[in-house]
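*Asks:* the sequence and its predicted three-dimensional model are supplied below.
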Amino acid sequence: MATYIGAIDQGTTSSRFIVFDRTGRIVSVAQKEHEQIFPKPGWVEHDPAEIWRRLEEVITEAMAAKGLKPSDLAAIGITNQRETTVVWNKKTGQAVYNAIVWQDTRVGDTVAEFTAKGGQDRYREKTGLPLATYFSGLKIRWILNNVEGARAAAEAGDLLFGNIDTFVIWNLTGGVNGGVHVTDVTNASRTQLMDLKTLQWDEQILADFGIPRKMLPQIRSSAEVYGKATFGPVKDVAIAGDLGDQQAALFGQACFKPGEAKNTYGTGCFMLMNTGEKIVPSKCGLLTTLGYKIDGKPAVYALEGSIAITGALVQWLRDNLNIIEKSTDIEPLARTVNDNGGVYFVPAFSGLYAPYWKDSARGVIAGLTRFVNKGHIARAVLEATAFQVREVLDAMETDSGIELANLRTDGGMVVNHLLMQFQSNILNKPVVRPVVQETTALGAAYAAGLAVGFFKDTDELVANWAEDHRWKPSMEKEKRDQLYHFWKKAVTRTFDWTE
């Protein structure tokens, strides 16, 4: 009798394999980073073959660390960086080009071209998404138009497309020897090629983008058995859950009721609010997306606010400016000063995402004086995350008509007390961290567990959720309003920087 559930968490900077017990506690974990490739300004790529190698390594390590056999796992769920686009040859298993990462802005000109013909929101009613460099569809188009022989091979039926979840499931279930070519509704909703109502690929958008239908995976629910693993350490284990990382965190935070929301603090920041079986169009610059779909039940929708750069800004401070040695040094450095010294850092490195959707914006540090030191810069870096989250939360409350009682948080940055306290202050709401902070991987494990009956129902998952820490607001309204006013002013300075 299997006592554990496995989760593959393939993120923007690293890959992990985590084994959970029935209560959602971690039994074993292994993690490895992969290379970030920057061929040109605004271009961001990953090597799909390297990602698959890292996954083989972390699965092997996590299973070996606790002496686990495949029979110990009831199933495996997968969660992934979304929108990152892989096109590969189904006969060789080789990618025809590096994976184009969600942060990549190379299709900016194409976005402008399509926007000029029908407006930025021409596909929003069908897909819930504005035209932006963020989503997978135009990245596929770029590969077909710019990689020699790719379009002909795609027309011949030799090429497959997938976000990372699809690429991983295909490899995990046999690859060239009968690998299963599927995705789930949440990942499909990030391509800008799926109709939110029908949950099917939209023929008109495919025609507009010049993408052959035969390249695309079959769209399935987020919790069902897709196939069995053929890879040694987990051979014959059912692959039974698939959720894009932010939807997986919504699932892992047990936000199963309309109006419940979570915010994940990772490379970027992503806030999702469950809107139930109702598609809520956004008037405030948010995305309408799939929350999840459990096999046999209606799809659940969500509103999402996507912020491109949060944790990545801390990495930038570390890697590009060498102001800190490791990411965790940011909090002690920021604590060397009492406030931001008048400095505001708007990290529009790849344009601005929600609620602005301005590809032509670029990063700005505003308010510099001779008084400012690296402590102030560090503080401004942390505050940038909290300010951006406030903008998204304001938009979400306006769109949904629901006022959040508190904000459930997860992701790498939630260990930073200074940031979390400032977040609570600037929102004027309690900020809550759960006991299990690996909610993204946990959500994938939960989905897989539901599919195979390891978990009875979502009520069991709600019962698993437990609060670890709560930050309460402690800032005067006047101070909060003043800080937010200058943040908004700084944001306007980033607009239309590229011409």
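*Replies:* Cool, the structure landed.

*Asks:* now the lengthiest helix in the chain: mean pLDDT?
*Replies:* For the chain, the helix with the greatest residue count under DSSP state H is helix 374-400. Average pLDDT, helix 374-400: 94.

*Asks:* which helices and strands does it pack with?
*Replies:* strand 261-265, strand 269-276, strand 300-307, helix 311-319, helix 330-334, strand 344-346, helix 417-427, helix 477-492 (3 or more Cβ pairs under 8 Å, 6 or more residues apart in numbering; DSSP states H and E). Where you see a C-beta, it was placed from the backbone N, CA and C, and this is true even at glycine.

*Asks:* which elements pack onto the helix or strand that that helix is followed by?
*Replies:* Once the chain leaves helix 374-400, the next helix or strand it forms, by DSSP states H and E, is strand 407-410. Packed against strand 407-410, as judged by 3+ Cβ pairs under 8 Å, 6+ apart, are the following elements: strand 261-265, helix 417-427, strand 431-434.

*Asks:* can you list the low-confidence ranges for the stretch 151-300 of the chain?
*Replies:* Of all residues in the stretch 151-300 of the chain, none has pLDDT under 70.

*Asks:* ranges for the strands of it?
*Replies:* Under the criterion DSSP state E, counting those that start in this stretch, strands of the stretch 151-300 of the chain are mapped to 159-163, 182-184, 194-195, 200-201, 218-220, 223-228, 238-244, 261-265, 269-276, 287-292, 300-307.

*Asks:* stretch 297-312: end-to-end distance?
*Replies:* End-to-end distance of stretch 297-312 (Cα to Cα, to the nearest Å): 37 Å.

*Asks:* point out the most buried one among the strands of the stretch 151-300 of the chain.
*Replies:* Of all those, strand 238-244 has the most neighbours on average by mean count of other Cβ atoms under 10 Å, namely a mean of 30.

*Asks:* that one pairs with which strands?
*Replies:* Sheet pairing of strand 238-244 (DSSP bridges) gives strand 73-80 (parallel), strand 223-228 (antiparallel).

*Asks:* export the ones you listed to TSV and append columns for distance to Trp487.
*Replies:* Shown next, in TSV, are these (distance: least, Cβ to Cβ, whole Å):
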stretch	distance to Trp487
strand 73-80	31
strand 223-228	39
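
*Asks:* of all the ones you listed, which lies closest to Val381?
*Replies:* With Cβ to Cβ as the criterion, Val381 lies closest to strand 73-80 of those, at 26.9 Å.

*Asks:* reformat the helices and strands packed on strand 407-410 as a markdown table; add distance to Ala2.
*Replies:* Formatted as a markdown table, these follow (distance: least, Cβ to Cβ, whole Å):
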| stretch | distance to Ala2 |
| --- | --- |
| strand 261-265 | 28 |
| helix 417-427 | 36 |
| strand 431-434 | 25 |
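
*Asks:* deepest-packed of the ones you listed, please.
*Replies:* The stretch of the helices and strands packed on strand 407-410 with the highest mean neighbour count (mean count of other Cβ under 10 Å) is strand 261-265, at a mean of 27.

*Asks:* so what strands line up beside that strand?
*Replies:* In the sheet, strand 261-265 lines up with strand 269-276 (antiparallel), strand 407-410 (parallel) (DSSP bridges).
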